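**Student:** model the following, please.
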Amino acid sequence: MVRSTFGAGASAARQSRSIRSAHRRARHRVALRRAPLVAGIASVAGWVMAAVTASASFGAGAGIVVGATLTGGSYTRSLTADRWAKGAKGERRTARSLALARGWVALHDRAIPGSRANLDHVLCGGGGVVYLDTKTWTSAKSRARFDADGRLWYGRYPQDKALRTVRWEAAQAEEALGVSVQAVVSIHGQPHLPRLGAVVDGVTVLPAEALRDWLGTRPRLFDESSVAALVARAEIALPPYVH
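**Tutor:** Next comes the predicted model:
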């Protein structure tokens with residue numbers, strides 16, 4: 001079977017670039033508005049340094065440093081763009097892992113008909129059809145865990161809404177393909193999670209490191225010709241995401 005990483009993380013990467021570009025334009029407007037004030041402060045700093053050191057060159061240098069520092073402060077990073085970029089990187093890592101999964105064909109970054117949402121990965125294989133959502137949770141301050149009631153948390157935040165979204169996305173894939181679709185969340189950065197996976201509200205949650213092993217344990221439901229037919233159907237019913 002042909003396995004590919006083509007398209008993985010593409011929409012998340014586009015979103016990151018779009019947000020970063022908009023953020024850069026907004027910060028540039030801020031820098032332009034501040035320019036007269038910055039020029040004034042830099043001039044005063046240069047004049048003071050020149051007076052103290054009796055050196056015009058020291059004064060000019062001080063003015064340049066102060067002006068550059070204040071102008072640079074207008075150009076901050078977009079943390080939102082960084083999060084999207086991190087997500088895209090995680091999806092590409094997942095795709096590389098899936099390329100080594102025997103007996104499975106992965107379609108990446110697919111569109112949901114009638115929706116602006118996308119599907120990270122749709123897997124077709126002898127073990128059935130799986131919708132796989134990739135999470136990249138690598139914060140040093142937060143840890144994924146299951147509480148006594150079986151709810152998934154990341155740091156202080158419950159992930160009920162995120163899992164509802166994954167269930168909905170799997171249901172859309174199921175409706176488009178006309179076959180049962182298993183919803184799975186694969187998490188990068190949380191290797192301590194149960195390698196066999198934990199089912200939370202109908203969604204299997206497992207560490208990314210265990211994904212291929214988990215796929216290998218799926219009972220056989222389809223032969224190769226049926227898998228090929230499913231892939232062909234998915235290519236049409238769930239086209240590449242292009243928004």
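**Student:** okay, CA-based contacts and neighbour counts for the rest of this
**Tutor:** Fine.
**Student:** quick one, strands of this protein?
**Tutor:** Along the chain, counting by DSSP state E, strands occupy 104-111, 118-125, 128-136, 144-146, 152-154, 157-158, 181-188, 198-200, 203-207.
**Student:** of those strands, which is nearest residue 33?
**Tutor:** Closest of those to residue 33 is strand 128-136, at 37.3 Å (criterion: C-alpha to C-alpha).
**Student:** then the closest one to CSV, C-alphas only?
**Tutor:** Output of strand 128-136 as CSV, limited to C-alpha atoms (Å, rounded to 0.1, in the frame of the first residue of the first chain):
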residue,chain,number,x,y,z
GLY,A,128,-11.1,-0.3,9.8
VAL,A,129,-11.3,3.5,9.4
VAL,A,130,-9.7,5.8,12.0
TYR,A,131,-10.0,9.5,12.4
LEU,A,132,-6.9,10.7,14.1
ASP,A,133,-6.5,14.1,15.7
THR,A,134,-3.0,15.2,16.6
LYS,A,135,-2.3,17.2,19.8
THR,A,136,1.1,18.7,20.6
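**Student:** tell me the mean pLDDT for it?
**Tutor:** Confidence over strand 128-136 (mean pLDDT, whole number) is 95.
**Student:** packing partners for that strand?
**Tutor:** Packing partners of strand 128-136 (3 or more C-alpha pairs under 8 Å, 6 or more residues apart in numbering; DSSP states H and E): helix 79-98, strand 118-125, helix 160-177, strand 181-188.
**Student:** and these: which comes nearest residue 152?
**Tutor:** Closest approach to residue 152 among these (C-alpha to C-alpha): helix 160-177, 7.1 Å.
**Student:** quick one, grab the pLDDT at the residue of the chain positioned farthest from its centre.
**Tutor:** Residue farthest from the centre of the chain, counting by C-alpha atoms, centre = their mean, is residue 54 at 55.2 Å. Residue 54 carries a pLDDT value of 75.
**Student:** wait, doesn't residue 197 sit right on residue 205?
**Tutor:** Yes - between residue 197 and residue 205 there is a contact under C-alpha atoms under 8 Å: 5.3 Å.
**Student:** for the two, indicate the residue with more neighbours.
**Tutor:** More crowded of residue 197 and residue 205, by other C-alpha atoms under 10 Å: residue 205, with 24 against 18.
**Student:** check contacts around that one.
**Tutor:** Residue 205 makes contact with 184, 185, 186, 187, 197, 198, 199, according to C-alpha atoms under 8 Å, 6 or more residues apart in numbering.
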